[in-house]
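*Asks:* from the sequence below, what's the structure:
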Amino acid sequence: EMDMVRLLVRRGQPFSVILQCTDHIPRLPDHQLNLILHLGKNNEVVLKLSDSEQDHGKWWFSQCNAQGEVMLTLHSPADAPVGLYSMTVVLLSADGQILEQTKSQTFYLLFNPWCKDDSVYLPSEELLQEYILNENGILYQGSWDDITTVPWNFGQFEKDVVDICFEVLDNSPAALKNSEMDIANRGSPVYVSRTITAMVNANDDRGVVSGRWDGEYSDGVAPTRWTGSVPILRRWSEGGGQKVRYGQCWVFTGVACTVLRCLGIPTRCITNYSSAHDTDANISVDYLFNDQLESVSEGRKDSIWNYHCWVESWMKRDDLPEGYDGWQVLDPTPQERSDGVFCCGPCPVHAVKEGEVGLKYDTPFVFSEVNADLVVWIVHPDGERIQVSQNSKVIGRNISTKSVYGDFTEDITANYKYPEGSMKEREVYKKVGRQVGQKNEGPGQFELFIKHAPAIHGTDFDVIIEVYNAGREDTDAQLTVTLNAITYNSIHRGECQRKTTSLTVPAHKAHKEVLRLQYDRYGACVSEHHMIRVTALLQPTDQDNIILQEINIPLKMPALHIKIIGKAIVSRKLTAHISFTNPLPVSLQGGVFTVEGAGLTEAKEIKTQYVLVLETIQIHQLTSCKVKSCLFIRNQFIIKGF
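*Replies:* Numbers count the residues shown, from 1 in each chain. Modelled structure (predicted):
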């Protein structure tokens, strides 16, 4: 899959090379063959191979002579450092003098998840087909109750990708500071994977992708325009290690998955919905509002990302007590520093579930992402804070990955935590050190619900706020509702609408407040993630029972329809009929279709000359079909003010 010319092998698995003799086969014991391996950009590490398995766990070789050739079978240890090896065969005289030697030949040595002695061994061919060999995948976005998909071309077997992956390792601070020590550590998937999480983002080093979330991408490529990892890795390499602009969490995740699968570490992409970013490491997300429902958080504030992507890699954890092998969280998105560097993991998923936050690496942060509490405070003008709610069921929902059995989601939330509210979950809750004496509210007099009609980008839709009074008396209250355009990671892009209403709710009755959100109000400020956050604050008169509820509404985007014309035949041109319907009440210009497919075609952009005014655009594109694979085609329109 990787290369038809160069030799790529996996450690712990014998491989053979043929030594061709121009004269005659050297006779033993008059002569002796030795193999010398060099590893490192400057051949820093030298390994001399014995011709017998004297020391278990060392390189050795055997030989077989036949018809003017010598077949040398090399045996690598299952914990050998991965990398580009240089091999020389040396002919020695009986007294140890070098009589002749071959020109240096190179080969790549990779991790071997098929080998039982390798620390990345994965005993399932079905899982290996997906987590090592599958070049195409799906990343999940949207919201916990409305999951959307983004196809991603990992392309770990594409031309030159393996070279670039080792180039990424060679540019790490540890490799540049002490190459020999770095190479010695490359036998460990823990070390290699942690290095990759630091190097995929460009915050501290000569990393690959620069992150940006403010919507200003004119000096690079908008994160939403990438369709796969290969163009990003090639651009980084061709630029001499200059960071590629720009990425967000799913881009960092896709690139990390490509590199780790390419190196031979089984890896899958994960999406955590309602993911906490706990900046002060207190295992809770604190939201502070004034009585006008304006955020008054100071400095770096906690937040809940609508979704957040990371990867899991499969490996043994010989550096930890028994029981924490298996899937490990690795998060290349730069959020918080770990040991002074923007990286995260590997963190055992099992340690997160059991609340063992003392185990490395970065377990407290990952625990917060999936299992923190949301605590809401109202700050009065005199500075007094009142805790109005605490919710343990908001954060960490529908944790999803692509199934090995098809293009559909597998919910793995149970891997990360016990069922919310269960006795076991409460035990873990206390173990992590949360305050048992925190506010534990029973059912209050009021209940607050937020609902909405189907929300399609470009249309007007209704948001319904329902206030139910479970008390025995009619009660006055003030309801404040705000609708804000946000990014998927909770950055506010502008207020779309606000309404404050004084109301009287009859006993055992519900009051409904309907807000009509018009495209004219949200179209100018909605982010590229097409998301609206609705926040409702209910303040009963003369009562402390303040209630705050919040939901995110992902706006539905139009589908891109692809129809293949005729039969797909290897090495024949294939016609794809692509159509897109503009749902907006405004014209669109500058349409760009991006086409990419592993083994089919490199990423290419097809610009259209159409003006889109509430009608369908149709275009035909010819592409050459070389090998098995499918086309990945995404739409991206660049519109000023959109």
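*Asks:* tell me how far stretch 405-416 lies from the chain's centre.
*Replies:* Its chain's average C-alpha position is 15 Å from that of stretch 405-416, according to C-alpha atoms, centre = their mean, to the nearest Å.
*Asks:* in it, what counts as buried?
*Replies:* With burial defined by 16 or more other C-beta atoms under 10 Å, the residues of stretch 405-416 counted as buried are 409, 412-413, 415-416. Using the backbone N, CA and C atoms, a C-beta is placed for each residue, glycine as well.
*Asks:* what's the span of stretch 348-363, first residue to last?
*Replies:* From its first residue to its last, stretch 348-363 covers 8 Å (C-alpha to C-alpha, to the nearest Å).
*Asks:* quick one: contacts of it?
*Replies:* If you take C-beta atoms under 8 Å, 6 or more residues apart in numbering as the criterion, stretch 348-363 is touched by 194, 312, 317, 319-321, 323-329, 331, 338, 344-347, 364, 366-367, 370-371, 415-418, 427-429, 431-433.
*Asks:* returning to that earlier point: a markdown table for the buried residues of stretch 405-416, including secondary structure and pLDDT?
*Replies:* Converted to a markdown table, the buried residues of stretch 405-416 look like this (DSSP: H, G, I helix; E, B strand; the rest coil; pLDDT from 0 to 100):
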| residue | secondary structure | pLDDT |
| --- | --- | --- |
| T409 | strand | 97 |
| I412 | coil | 98 |
| T413 | helix | 97 |
| N415 | helix | 97 |
| Y416 | helix | 97 |
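*Asks:* any chance of the residues you listed in TSV with distance to P554 as columns?
*Replies:* Formatted as TSV, the buried residues of stretch 405-416 follow (distance: C-beta to C-beta, whole Å):
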residue	distance to P554
T409	16
I412	22
T413	20
N415	25
Y416	23
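*Asks:* narrow the contacts of stretch 348-363 to those in strands?
*Replies:* 312, 326-329, 338, 347 (DSSP state E).
*Asks:* where along the stretch 51-200 of the chain do the strands fall?
*Replies:* For the stretch 51-200 of the chain, the strands defined by DSSP state E, counting those that start in this stretch occupy 60-66, 69-75, 83-93, 98-101, 105-110, 136-143, 146-153.
*Asks:* residue ranges with poor pLDDT in the protein?
*Replies:* Across the chain, the ranges flagged by pLDDT under 70 are 24-29, 280-281, 298-300, 434-444, 542-544, 608-642.
*Asks:* can you give me phi and psi for the most centrally placed residue in it?
*Replies:* With distances taken as C-alpha atoms, centre = their mean, the residue of the chain nearest its centroid is T253 (2.4 Å). When quoted as degrees, to the nearest 10, the phi and psi of T253 stand at phi -60, psi -50.
*Asks:* what's near enough to touch it?
*Replies:* By C-beta under 8 Å, 6+ apart, the contact list for T253 reads 139, 269-270, 309-311, 332-333.
*Asks:* what residues are up against the residue nearest to it when sequence neighbours are not counted?
*Replies:* Ranked by C-beta to C-beta, 6 or more residues apart in numbering and with sequence neighbours excluded, the top spatial neighbour of T253 is C309, at 4.1 Å. By C-beta under 8 Å, 6+ apart, the contact set of C309 is 139-140, 249-250, 252-253, 269-272, 333.
*Asks:* and if we set it to 6 Å?
*Replies:* 249-250, 253, 271 (C-beta atoms under 6 Å, 6 or more residues apart in numbering).
*Asks:* cool, and L8?
*Replies:* For L8, the contact set (C-beta under 6 Å, 6+ apart) comprises 2, 108.
*Asks:* what's the answer for I486, then?
*Replies:* Neighbouring residues of I486 by C-beta under 6 Å, 6+ apart: 492, 531, 533.
*Asks:* run a quick neighbour tally on the nearest residue to C262 once chain neighbours are set aside.
*Replies:* Among residues not flanking C262 along the chain, Q156 sits closest, at 3.9 Å (C-beta to C-beta, 6+ apart). Neighbour count for Q156, taken as other C-beta atoms under 10 Å: 27.
*Asks:* how far away is Q156 from W310?
*Replies:* Distance, Q156 to W310, by C-beta to C-beta, to the nearest Å: 18 Å.
*Asks:* ok, D302 next?
*Replies:* From D302 across to W310, the span is 18 Å (C-beta to C-beta).
*Asks:* which one's more surrounded, those two?
*Replies:* W310 (26 against 21).
*Asks:* rewinding a little: select from the contacts of T253 the one having the most neighbours.
*Replies:* That'd be P332 among the contacts of T253, by other C-beta under 10 Å, with 34 neighbours.
*Asks:* my guess is that residue contacts V200. True?
*Replies:* Yes. Using C-beta atoms under 6 Å, P332 is in contact with V200, at 3.8 Å.
*Asks:* returning to that earlier point: quick one, which of the contacts of C309 are buried?
*Replies:* Among the contacts of C309, those classed as buried by 16+ other C-beta under 10 Å are 249-250, 253, 271.
*Asks:* among these, which are in helices?
*Replies:* Taking DSSP state H as the definition of helices, the buried ones among the contacts of C309 contribute 249-250, 253.
*Asks:* ok, so of those, who is nearest E125?
*Replies:* E125 has its nearest neighbour among these in T253, at 24.8 Å by C-beta to C-beta.
*Asks:* and that closest one, how far from H75?
*Replies:* From T253 over to H75 the distance is 36 Å, taken as C-beta to C-beta.
*Asks:* now do the strands in the stretch 401-550 of the chain.
*Replies:* Under DSSP E, counting those that start in this stretch, the stretch 401-550 of the chain gives strands at 409-411, 446-452, 461-469, 475-486, 492-505, 510-517, 531-540, 547-554.
*Asks:* what would the ones you listed look like in JSON lines with distance to A524?
*Replies:* As requested, those are exported to JSON lines (distance: least, C-beta to C-beta, whole Å):
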{"stretch": "strand 409-411", "distance to A524": "34"}
{"stretch": "strand 446-452", "distance to A524": "20"}
{"stretch": "strand 461-469", "distance to A524": "17"}
{"stretch": "strand 475-486", "distance to A524": "9"}
{"stretch": "strand 492-505", "distance to A524": "8"}
{"stretch": "strand 510-517", "distance to A524": "13"}
{"stretch": "strand 531-540", "distance to A524": "13"}
{"stretch": "strand 547-554", "distance to A524": "17"}
